[in-house]
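Engineer: Coordinates for the following, if possible.
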Amino acid sequence: MALRALFILAMLAATGVAALPASAADPVSPTNIFAPDSTPAHSIYRLSVFELEVLGAIFVVVFSLLAYAVVRFRERNRQDESEPPQIYGSNQMELAWTVLPVLIVVVLFLSTAQVIHRVQDASPPNGTIEVTAVAHQFWWEYRYPQYGLVAANELHVPLSDPNHPTPTYIHLLSADVDHSFWVPRLAGKTDLIPNHPNNMWIDPHDIGLFLGQCAQYCGTQHAKMLLRVYVDKREDFDRWVHQQQQPAQSDASVAAGSALFISKACFACHAIRGTIAAGVAGPDLTHVMSRDTIASGAVPNTPENLRKWIRNPDTFKPGSKMPPQDLTDQDLDQIVSYLMTMR
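Structural biologist: Got it, this is the predicted structure:
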């Protein structure tokens, strides 16, 4: 394994891929494509290593032949201007450089087709979790039809036991333009195209936070349309589901903020279950304070950041679809206090 790892690193260095920041080479990096943590990602990783080995072998053979030719047939006598012996055609050489590349291409084609079939045509077993991911400019909506809940920007899935897999199948939709769902350590990149549903699946083998990115340019804030996938133990996932299923809790102490949320027409874009707010243009805010980030992973979810985001979203995401709000400091304090109860 050590020799194989050294060989892969040598090939990456030869092709320039190794010139990455230190975090990319860190095996615990949440976006390290060479540290797969899900069956689809493992399949893609093994295919990439196999292809790197084939290409590395070709590189070594070709470079060795070139080095041999340079050394063996270098000019030794500058006084000798006679033409070297000429050889016109070689059936053996013609056959070799035609048949060998064809065989290499066939092997690579069959290996790739096998992985594509294994990943894309896998049948969901019993216990599969189903999620519908809807991409918006510039945030993610996650629907859990089995549980009757909707979340935003942070996808929670249960840990999958390799001995008894419980994968998560993700149905991919787009609400506007082309997007792409890519969490490198969990699966390959899959596009979300308007009016053309796609599907993918993951079965994470370790708990933790896995980061990803919309990998298809979708507008001005494409770079800040981040993916956060939380892999929880089954009991923790069930606890999260139960908490997310609860409607918003009424709190008399923030009644003024609740009234402002309605009077300022925030409900036209956002939903809060248990109230009249049922908008779908923006994220569901029923449990907004249970999330670690706001603005699709752009900034930590703190009262101060939430305040800045509501007043003027361009502070964090210039070009965001959410319009700035003309609120007094008192109104803003009351709305933030109200949202702080959404846990």
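Engineer: Which pLDDT value belongs to the closest residue to Lys224 other than its chain neighbours?
Structural biologist: Ranked by CB to CB, 6 or more residues apart in numbering and with sequence neighbours excluded, the top spatial neighbour of Lys224 is Ala298, at 4.6 Å. In short, each C-beta sits where N, CA and C put it, glycine included. pLDDT, the model's per-residue confidence, is 92 for Ala298.
Engineer: Could you pull up phi and psi at Ala298?
Structural biologist: phi -70, psi -40 (degrees, to the nearest 10).
Engineer: excluding its backbone neighbours, what's nearest Ser38?
Structural biologist: Per CB to CB, 6+ apart, closest to Ser38 is Leu186, 4.3 Å.
Engineer: The one you found against Ile202, yeah?
Structural biologist: Yes - between Leu186 and Ile202 there is a contact under CB atoms under 8 Å: 4.4 Å.
Engineer: about what we covered before: give me the distance between the residue nearest to Lys224 and Asn153.
Structural biologist: 10 Å (CB to CB, to the nearest Å).
Engineer: hey, what's in contact with both of those two?
Structural biologist: Each of Leu226 lies in contact with both Ala298 and Asn153 under the rule CB atoms under 8 Å, 6 or more residues apart in numbering.
Engineer: How about the contacts made by Ala175?
Structural biologist: Contacts of Ala175 (CB under 8 Å, 6+ apart): 134-136, 141, 194.
Engineer: Give the residues shared as contacts by Leu186 and Ile202.
Structural biologist: 38, 40-41, 229.
Engineer: Strands along the stretch 51-200 of the chain, start to end?
Structural biologist: Assigned by DSSP state E, counting those that start in this stretch, the strands in the stretch 51-200 of the chain fall at 129-136, 139-144, 149-152, 154-158, 168-174, 179-182, 190-192, 198-202.
Engineer: Tell me which of these sits most buried.
Structural biologist: Of the strands of the stretch 51-200 of the chain, the one with the most neighbours on average (mean count of other CB atoms under 10 Å) is strand 179-182, at a mean of 24.
Engineer: Partner strands of that one, with direction?
Structural biologist: In its sheet, strand 179-182 lies beside strand 190-192 (antiparallel), strand 208-214 (antiparallel), with partners assigned from DSSP bridges.
Engineer: which residues are contacting the first one?
Structural biologist: Read that as strand 190-192. For strand 190-192, using CB under 8 Å, 6+ apart, the contacting residues are 133, 135, 172-174, 178-182, 198-200, 216.
Engineer: Give me the mean pLDDT for that strand.
Structural biologist: Mean predicted lDDT for strand 190-192 stands at 95.
Engineer: for stretch 114-126, same thing?
Structural biologist: 88.
Engineer: first to last residue in it, what's the distance?
Structural biologist: 24 Å (CA to CA, to the nearest Å).
Engineer: Would you mark the buried spots in that stretch?
Structural biologist: 115, 119, 122 (16 or more other CB atoms under 10 Å).
Engineer: Out of the strands of the stretch 51-200 of the chain, flag the one nearest Asp236.
Structural biologist: strand 154-158 (8.3 Å; CB to CB).
Engineer: How far does the closest one sit from its chain's centre?
Structural biologist: 13 Å (CA atoms, centre = their mean, to the nearest Å).
Engineer: got the strands paired with strand 179-182 as TSV, with distance to Val107 columns?
Structural biologist: Putting the strands paired with strand 179-182 into TSV (distance: least, CB to CB, whole Å) gives the following:
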stretch	distance to Val107
strand 190-192	26
strand 208-214	31
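Engineer: most tightly surrounded among the ones you listed?
Structural biologist: When those are compared using mean count of other CB under 10 Å, strand 190-192 is most buried, at a mean of 21.
Engineer: tell me how far that one is from the chain's mean position?
Structural biologist: The mean C-alpha position of strand 190-192 is separated from the chain mean by 10 Å, CA atoms, centre = their mean.
Engineer: Show me what Asp232 is bridged to.
Structural biologist: Pro158.
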